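Colleague: When you get a sec, could you give me coordinates for this:
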Amino acid sequence: YNFTKNLKHVIALFSSHTDFKNPFITNYEKRKEQTYGLRTFLEFDALKQNVKYNVQAGLESANTKTGIQNFGNVQGLPTQLSASDDLKAHQNFAFLKLNFDVKQKLLIELSSSLNFFSYDYQSYFPIPTGEQHRNFKTQLMPKLGASYLIDSNFTFRASVSKGYSPPTLAEVRSSDNIINNNLQAEAGWNYESGLRFQSKNKRFYVDGTVFYFNLKDAIVRRLNANDVEYFINAGGTKQLGTELQTNLWLIKKQKDRFLNGLLLRNSFTYSHFKFDDFKNAGSDFSGNRLTGVPKHTIVSSLEFNFVKGVYLFVQHNYTSAIPLNDANTVFSKKYHLAELKAGIRDVKVWKAILAFSFGVNNLFDQDYSLGNDLNAANGRYFNPAMKRNYYAGLSVSL
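Modeller: So this is what the prediction gives:
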């Protein structure tokens, strides 16, 4: 609702429903989850002496109710009841955000939010309990960010912010059927800076970012001796990283050529992520690499655009070795993956616009593990990924 040309009120309602059934090896889970919430804020805009102001102040509230039942599993069918619990999560926060655009060269963002989180839980089986309540400490999350347009093609940016993430209901009451009231919320400070450049003819683009995230009470996944997952706080992590993306039009789009466009894309990620002050079950993992995170990933692709909407896309993905346990004694092997996709866009059939595609994943039929089970019991870390596989697609736009 617009009160004036500079002041407006925005309100939004949201909801979701999940009816989930999972016949897993160790049990048969039935879970019903309902989420509903509201977001509302006032927004004010003004322009004064070459400075554009934007102010937002508002509230957001979300509530999630989850009912979970676990049964025995015989040939994919539920048998006897083994556990039944209800949980309710309540998350609310108030926020204030200030944006300043100075002469369309300097952008400054000042923002903060005050976060409130709690949950209720009640067990019905095997041991009935009354409804219990757990309240988390209120958190203030500030952010300061700035972006400066050095010239029309070159931009520098930097930011510092605090992050906060309470445990989800799926982490509080995980597959071991135990409500874990020892889980603490994750929190940490993130520092980031970056540069972006685009050539005047827009054929070349590069965006680079360096970041450092100091996370406390990191929530990590564990598997017990029966391969049932649960979660613990892993002390802290220090995450230093670099991300680089480039786009280069080797052949800029031209309609009158058979090959009317050739685009080279590259992305590189370096992750120097390590545990900080992490001790578990009498072992000290401080200084070890963060479980499940590769140190290097490189993705390169070529996209060929031909006449009449025909295209060919080729991509290569390199992922370095991944530590699979906190002790860093087991690693998945590095792997190279290639993907090929061809198709045709914008095929007009009567009033419809069609697009066809055909592709091959794992083109060179590599053996590698994907979706690894971290810290798995009895050495069951690896899940073989699909060998070479094929797919086709059709989309219709009216």
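Colleague: What sits closest to the residue positioned nearest the centre of the chain if chain neighbours are left out?
Modeller: Geometric centre of the chain, nearest residue: S165, 12.9 Å, by C-alpha atoms, centre = their mean. Spatial nearest neighbour of S165, chain neighbours left out: E186 (4.5 Å); criterion: C-beta to C-beta, 6 or more residues apart in numbering. C-beta: built from backbone N, CA, C; applies to glycine.
Colleague: OK, contacts around that neighbour?
Modeller: Neighbour list for E186: 163-166, 215-219 [criterion: C-beta atoms under 8 Å, 6 or more residues apart in numbering].
Colleague: what are the phi and psi values for it?
Modeller: Backbone geometry at E186, expressed as degrees, to the nearest 10, gives phi -80, psi 150.
Colleague: if I look at it, how far off is F213?
Modeller: Distance, E186 to F213, using C-beta to C-beta, to the nearest Å: 11 Å.
Colleague: Between the two ends of stretch 380-387, how far is it?
Modeller: End-to-end distance for stretch 380-387: 20 Å, by C-alpha to C-alpha, to the nearest Å.
Colleague: And whichever strand or helix holds H336, what's buried?
Modeller: Here H336 is covered by strand 335-349, with elements defined by DSSP states H and E. Across strand 335-349, burial judged by 16 or more other C-beta atoms under 10 Å covers 335, 337-339, 341-343.
Colleague: Could you check how far it is from the centre of its chain?
Modeller: In terms of C-alpha atoms, centre = their mean, to the nearest Å, the centre of strand 335-349 is found 25 Å from the chain centre.
Colleague: repeat for stretch 385-398
Modeller: Between the centre of stretch 385-398 and the centre of its chain there are 24 Å (C-alpha atoms, centre = their mean).
Colleague: Need the residues that contact it.
Modeller: Here stretch 385-398 makes contact (C-beta under 8 Å, 6+ apart) with 343, 351-365, 367-371.
Colleague: now swap in stretch 361-370 and tell me
Modeller: Stretch 361-370 is contacted by residues 332-333, 335-340, 381-391 when judged by C-beta under 8 Å, 6+ apart.
Colleague: which stretches of the protein form helices?
Modeller: Ranges of helices in the chain, per DSSP state H, are 169-172.
Colleague: how near is V396 to A342?
Modeller: For V396, the distance to A342 - C-beta to C-beta - is 19 Å.
Colleague: What of I25?
Modeller: 39 Å.
Colleague: ok, now K351?
Modeller: Using C-beta to C-beta, one gets 26 Å for the distance from K351 to A342.
Colleague: List the buried residues for the strand ranked longest in the chain?
Modeller: Scanning the chain for the strand with the most residues, using DSSP state E, yields strand 77-102. Neighbour-count burial for strand 77-102, with 16+ other C-beta under 10 Å as criterion, is recorded at 78, 82-89, 91-93, 95, 97, 99, 101.
Colleague: Got the phi and psi for D256?
Modeller: phi -90, psi 10.
Colleague: okay, now N305: neighbour count?
Modeller: 19 (other C-beta atoms under 10 Å).
Colleague: Same question for the one 10 residues further on.
Modeller: Residues lying near Q315 (other C-beta under 10 Å) number 17.
Colleague: ok, it touching E303?
Modeller: No - assessed by C-beta atoms under 8 Å, Q315 is found out of contact with E303, at 9.1 Å.
Colleague: The most far-flung residue of the chain relative to its centre and V307, how far apart?
Modeller: Largest separation from the mean C-alpha position in the chain: D256, at 41.1 Å (C-alpha atoms, centre = their mean). D256 sits 9 Å away from V307, going by C-beta to C-beta.
Colleague: ok, and what's touching the helix or strand of the chain with the lowest mean pLDDT?
Modeller: Sorting the helices and strands of the chain by mean pLDDT, DSSP states H and E puts strand 279-280 at the bottom, at a mean of 80. Applying C-beta under 8 Å, 6+ apart, the contact partners of strand 279-280 are 232, 234-235, 285-286, 326.
Colleague: of those residues, closest to S61?
Modeller: Closest to S61 out of these is I232 (29.2 Å), distances taken as C-beta to C-beta.
Colleague: Kindly state the beta-bridge partners for that closest one.
Modeller: Beta bridges link I232 to V220 when assigned by DSSP bridges.
Colleague: ok, now I108?
Modeller: Residues in beta-bridge contact with I108 (DSSP bridges): F100, A146.
Colleague: That one touches V102, doesn't it?
Modeller: Yes - between I108 and V102 a contact is recorded at 7.3 Å, counting by C-beta under 8 Å.
Colleague: what about the stretch 201-350 of the chain, any weak spots by pLDDT?
Modeller: Within the stretch 201-350 of the chain, no stretch falls below the threshold (pLDDT under 70).
Colleague: And stretch 272-291, end to end?
Modeller: End-to-end distance (C-alpha to C-alpha), stretch 272-291: 12 Å.
Colleague: and that stretch, how far from the chain's centre?
Modeller: Distance of stretch 272-291 from the chain centroid (C-alpha atoms, centre = their mean) equals 23 Å.
Colleague: Cool, thanks, talk later.
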